[in-house]
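Undergrad: Structure of the sequence below:
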Amino acid sequence: MVTIIDPLTREEKQVPINEIASSHMARKTFCGNLYRSVKDPDLVGSLSGHAHGSAAFTRYRDIDDDMKQELVRESE
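TA: As a prediction, this is how the structure comes out:
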């Protein structure tokens, strides 16, 4: 169960996660989390079934400040 805000009443309500999460959301989350760990777009794309150079896959990657800071620390 997860808590969401009802769009009509603006009140919190509990719903089963399968009512709001899709398989696409799961795939996107998987790709994003794996990319944060591996940082190799070709490997992650291959594992997730994306074609090499897939434009769709580039939207799954989120390069955040933590990743940038880690890269700077590694290069010192």
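Undergrad: any residues touching the longest helix belonging to the chain, and which ones?
TA: In the chain, assigned by DSSP state H, the helix with the most residues is helix 23-38. For helix 23-38, the external contacting residues (Cβ atoms under 8 Å, 6 or more residues apart in numbering) are 41, 44-45, 47-48, 50, 57, 60-62, 64, 67. For the C-beta atoms, the positions are set from N, CA and C on the backbone; glycine is no exception.
Undergrad: buried set for that helix?
TA: For helix 23-38, burial by neighbour count (16 or more other Cβ atoms under 10 Å) applies to 28, 31, 34-36.
Undergrad: Switch the contacts of helix 23-38 over to CSV; also include pLDDT, secondary structure and distance to Glu76.
TA: Below are the contacts of helix 23-38 laid out as CSV (pLDDT from 0 to 100; DSSP: H, G, I helix; E, B strand; the rest coil; distance: Cβ to Cβ, whole Å):
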residue, pLDDT, secondary structure, distance to Glu76
Pro41, 81, helix, 24
Val44, 83, helix, 26
Gly45, 82, helix, 29
Leu47, 81, helix, 30
Ser48, 81, coil, 32
His50, 79, coil, 33
Phe57, 71, helix, 30
Tyr60, 69, helix, 29
Arg61, 70, coil, 24
Asp62, 69, coil, 24
Asp64, 75, coil, 20
Met67, 76, helix, 16
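Undergrad: Show me which of the residues you listed is closest to Glu74.
TA: Of all the contacts of helix 23-38, Met67 has the smallest distance to Glu74: 10.7 Å, by Cβ to Cβ.
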